[in-house]
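Novice: Need a 3D model of the following:
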Amino acid sequence: MKLSSILACSLSTCMIDLSGAVPTPFTDFTNSIIWYPAADAVSWHTLYARPLQLPDESLIITWENYPLEPPLVNHPILRSVDGGATWTNYSAINDQVNGWGMRFQPFLYTLPQQLGDFPAGTILASGVSSPSNLTGGVYIELYASVDNAQTFDFVSHIAWGAGPQRVSDGSFALWEPFLTVYENQLVCFFSDSRDPSHSQKLSYATSSDLRTWSDEVDAVVYQTYEDRPGMPTVAYIATTGRYILTYEYCGAEGCGIFYRLSTSPLTFSDAGDNIVSPAGTVPSSLGGNPYMIWTEHPDQTDGSGLLILSAGGQEEVYLNDDAAGATSWRPADVGMWSAYSRGLSIISVNGRKKLQFANGGNMGDPNDNSIATGIVEVPT
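Specialist: Numbering: from 1, shown residues only. As a prediction, this is how the structure comes out:
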């Protein structure tokens, strides 16, 4: 499928382009464009697409959106009830408290247990709210839905920064929230530029009730001021009882993907660095902006698992076993376009485990930055 025409969309309605091949429901496919930004969209048009399967096995996708304002920017949500073949407008995550809009890096998460007065199965959405001029403050926000993502209500501010919300030294900015649950707490990892001793570091905050949050705690911090680890994702390796934190780390030789292993997601600061270094590959060629998940191995009966890593500079995903050896990463070509911080999710399609991709745009030519998805067999 290729781009044909850019169709006009708004936050309330969007025509899905049917000029290309539409996947057959509940089948495998790749590179299916499901949403075009408006012709007058600004900046990168779309970035940071994130998928989630709801308890009823329907699929939703949200993303970082760049329409002209007003109205305030939000994180739209599309839904599919036929295995990702076709999509319709479903809901949105709107700024209900700041008057700024929900602007950057949405993240979707299904609460696996009750926390506070939020039952298991609550759909959580986090993202970054800031003014359109990127000055005057920034919040990482938490919203929750108890009606299967049809509506979201504001729950709490996870973290606050004074801004400006820019990628530059001295900006008291916040970026890229990632949610997980550990020991009856919701843990939010994020990229943190508020510490005057560091251009950027990785931090986390915790909450046992989703309404009040701890102060930030260092997860990854380097001594050199200019170092900027960012884009955290965390996965649990069930067979070894270890957690893996992946992040981008950029230096003089470009951006590499680093990771740390720990028996607790709260102790990554004590773990050593590893760099994703597939055999025969220059690590910087992976291009940074990683996304990592773990799943039980589809072809093994011994309970072993599989790490799956998306790297921004490659269409392939990279696979590893539960030991997560730095040189054991191997490419798997699944035929899905690369994208900036491409989202991954393990889903069920008619009882069979599949790998879903959620693509926003790239930080190149914004004219072809649409939302695309693909669903394939879990690669091995």
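Novice: What segments of the stretch 251-380 of the chain are strands?
Specialist: Using DSSP state E, counting those that start in this stretch, the strands of the stretch 251-380 of the chain run over 254-262, 274-275, 291-296, 305-310, 317-320, 330-332, 343-349, 352-359, 371-377.
Novice: Thr233: which of these is closest?
Specialist: Nearest to Thr233 among the strands of the stretch 251-380 of the chain is strand 291-296 (4.9 Å), distances taken as Cβ to Cβ. (C-beta placed from N, C-alpha, C; glycine too.)
Novice: Show me what that closest one is packed up against.
Specialist: Applying 3 or more Cβ pairs under 8 Å, 6 or more residues apart in numbering; DSSP states H and E, one finds that strand 291-296 contacts strand 230-237, strand 242-251, strand 305-310, strand 343-349.
Novice: Among the strands of the stretch 251-380 of the chain, which comes closest to Gln165?
Specialist: Closest approach to Gln165 among the strands of the stretch 251-380 of the chain (Cβ to Cβ): strand 254-262, 20.6 Å.
Novice: Could you give the average pLDDT over that closest one?
Specialist: The predicted model assigns strand 254-262 a mean pLDDT of 93.
Novice: Output stretch 308-325 as PDB, restricted to C-alpha atoms.
Specialist: Backbone C-alpha positions of stretch 308-325 (Å, rounded to 0.1, in the frame of the first residue of the first chain) are rendered in PDB as follows:
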ATOM      1  CA  ILE A 308      11.100  -8.200  21.000                       C
ATOM      2  CA  LEU A 309      12.700  -4.800  20.400                       C
ATOM      3  CA  SER A 310      11.800  -2.100  17.900                       C
ATOM      4  CA  ALA A 311      14.500   0.300  16.900                       C
ATOM      5  CA  GLY A 312      13.800   3.600  15.100                       C
ATOM      6  CA  GLY A 313      16.300   3.200  12.400                       C
ATOM      7  CA  GLN A 314      15.300  -0.300  11.200                       C
ATOM      8  CA  GLU A 315      12.200  -1.900   9.800                       C
ATOM      9  CA  GLU A 316      13.300  -5.200  11.400                       C
ATOM     10  CA  VAL A 317      12.600  -6.100  15.000                       C
ATOM     11  CA  TYR A 318      15.400  -7.600  17.100                       C
ATOM     12  CA  LEU A 319      14.900 -10.800  19.100                       C
ATOM     13  CA  ASN A 320      16.600 -12.100  22.100                       C
ATOM     14  CA  ASP A 321      16.100 -15.000  24.600                       C
ATOM     15  CA  ASP A 322      15.500 -14.600  28.300                       C
ATOM     16  CA  ALA A 323      19.200 -14.200  29.200                       C
ATOM     17  CA  ALA A 324      19.200 -10.900  27.200                       C
ATOM     18  CA  GLY A 325      22.900 -11.200  26.100                       C
END
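Novice: any idea how far that stretch is from the chain center?
Specialist: 15 Å (Cα atoms, centre = their mean, to the nearest Å).
Novice: Buried residues in it, which are they?
Specialist: Going by neighbour count (16 or more other Cβ atoms under 10 Å), the buried part of stretch 308-325 is 308-322, 324.
Novice: Single out whichever of those has the smallest pLDDT.
Specialist: Least confident by pLDDT among those: that is Gly313, with 89.
Novice: isn't it right up against Ala339?
Specialist: No. If you go by Cβ atoms under 8 Å, Gly313 and Ala339 don't touch, sitting 10.7 Å apart.
Novice: right, and out of the buried residues of stretch 308-325, which lies closest to Phe357?
Specialist: For those, the residue nearest Phe357 by Cβ to Cβ is Ser310; the value is 7.8 Å.
Novice: Which among the strands of the stretch 251-380 of the chain is found nearest to Phe118?
Specialist: Across those, Phe118 has its closest neighbour in strand 343-349 (21.4 Å, Cβ to Cβ).
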